[in-house]
Each structure stands twice: as structure tokens, then as C-alpha cells.
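Chemist: please work out how this folds:
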Amino acid sequence: MTRQFRSSVKFRLVITILILCLLTAGGCGSARVAPKSSGVDENLIRLNRSARIAYDNGQLEQAASLYRQALDRAYLRDDRQAGDEPLEQEVRSFIKSMPTP
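Modeler: Prediction:
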């Protein structure tokens, strides 16, 4: 009976150690965190803001150039919301306000 008891204790000890090793090793890894993407194109916002400032200051050619760059960037992103709504409305109002030669 002593022999059976010893082998049973050894078996349980080995299993316990294996389980502890697996649990410890499993806790060492960390999940990869994907970089947060806000979905906002900072350059598009910057170009749009700069174009608005240039327009407000009467620098129409510079504003037109900046609006064109912002529109091109929006189309490159293939982002309908970035290209269609606020930016195109500003470009349309800008074009309407330009003096005709």
C-alpha cells in the first residue's frame, strides 16, 4: 500500500507542476494591440483649414490650390464623407464667390 501511495503522490505532484507551468507560461504572452486609427485624416483637415484661412484673407489662388489638394486627398482616401459633404460644399461656395474674368 505504501508503494501505491507513493506513486499516486508522485503522479499528482507531477500533474500539479505541469498545470502550474502551463498556466504560468500562458500568462507570459500579451495580446497584440492594434494601433488606434481614428479614421480622421489630419492632413485633409489641415489642408481644409488652411484653405479656409487663405480664402478669408483674400488669397484666392492659394485657397483654390489648397482646396484642390484637399479634394485630391479625399478622393485618394476614397472616403465619401470626407470628399462629399463639408469639403465639396466649401469648394462650391468658393467657386461661386470667385469673380468671373
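Chemist: what mean pLDDT does the helix or strand Leu18 falls within have?
Modeler: Per DSSP states H and E, Leu18 falls inside helix 2-28. Throughout helix 2-28, pLDDT has a mean value of 72.
Chemist: for stretch 67-78, same thing?
Modeler: Stretch 67-78 shows an average pLDDT of 83 in the prediction.
Chemist: ok, stretch 46-64 next?
Modeler: For stretch 46-64, mean pLDDT rounds to 92.
Chemist: do stretch 89-101 as well
Modeler: Stretch 89-101 shows a mean pLDDT of 71.
Chemist: relative to Lys10, how far out is Val91?
Modeler: From Val91 over to Lys10 the distance is 80 Å, taken as CB to CB, to the nearest Å. From N, CA and C alone the C-beta is placed, and that goes for glycine too.
Chemist: of those two, who's got more company?
Modeler: Neighbour count, other CB atoms under 10 Å: between Val91 and Lys10, Val91 has more, with 19 against 10.
Chemist: quick one: contacts for the more buried one?
Modeler: By CB atoms under 8 Å, 6 or more residues apart in numbering, the residues touching Val91 are 67, 71.
Chemist: can you do 10 Å?
Modeler: 48, 51, 63-64, 67-68, 70-71, 83 (CB atoms under 10 Å, 6 or more residues apart in numbering).
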